[in-house]
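no letters, just coordinates:
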C-alpha cells in the first residue's frame, strides 16, 4: 500500500525531483549507486541521501517518508521510479 502510494507520488513529481536532484551535488549518482553497481550504500551515504531528500521534500512533501526512521528501507522504490534508463535495454 505504501509502495503504490509512493510510486504514484514520485511519478507525479518525477520531473521536479530530477530537476532538484541535479542541483544537489552527486544526489542522482549516489541514489542510483545501488541499482547501477549492486553495492550497498554506506551509513555516510545514507545520511547524505536523507539530507538531500529532506531538501527535496520541501517541494514534494510525500518524500518526507524517506527522512523518517527506517525510511532508508524504501529508497529502492525511489530508485526504481526515477531510473531513466530504458527498461528493455536492461534485459
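Now that the structure is in, tell me what you want to look at. Please read these numbers as outputs of a predicted model, since none were measured by experiment.

ignoring the adjacent residues along the chain, who's closest to residue 20?
Among residues not flanking residue 20 along the chain, residue 56 sits closest, at 4.9 Å (Cβ to Cβ, 6 or more residues apart in numbering). No exception for glycine: its C-beta is placed from N, CA and C like everyone else's.

could you do residue 10 as well?
residue 81 (4.3 Å).

so which strand or helix has that neighbour?
helix 75-82 (DSSP states H and E).

centroid-nearest residue for the protein?
residue 78 (3.8 Å; Cα atoms, centre = their mean).

please tell me how far residue 58 sits from residue 25.
17 Å (Cβ to Cβ, to the nearest Å).

pull the longest helix from this protein.
For the chain, the longest helix by residue count, based on DSSP state H, is helix 43-56.

so what secondary structure elements neighbour it?
Here helix 43-56 touches helix 14-23, helix 27-31, going by 3 or more Cβ pairs under 8 Å, 6 or more residues apart in numbering; DSSP states H and E.

ok, then the element right after the last one?
Helices and strands here follow DSSP H and E; after helix 27-31, the next one along the chain is helix 33-37.

outside of that next one, which residues touch it?
39-41, 45, 75-76, 79-80, 83 (Cβ atoms under 8 Å, 6 or more residues apart in numbering).

rerun that using 7 Å as the cut-off
With Cβ atoms under 7 Å, 6 or more residues apart in numbering as the test, helix 33-37 has contacts from 39-41, 79, 83.

off-centre distance for that helix?
Mean-position distance between helix 33-37 and its chain equals 12 Å (Cα atoms, centre = their mean, to the nearest Å).

before we move on, what about stretch 54-63?
11 Å.

need the distance between the two termini of it.
End-to-end span of stretch 54-63 (Cα to Cα, to the nearest Å): 8 Å.

now do the helix holding residue 81: which elements does it pack against?
helix 2-12, helix 14-23, helix 27-31 (3 or more Cβ pairs under 7 Å, 6 or more residues apart in numbering; DSSP states H and E).
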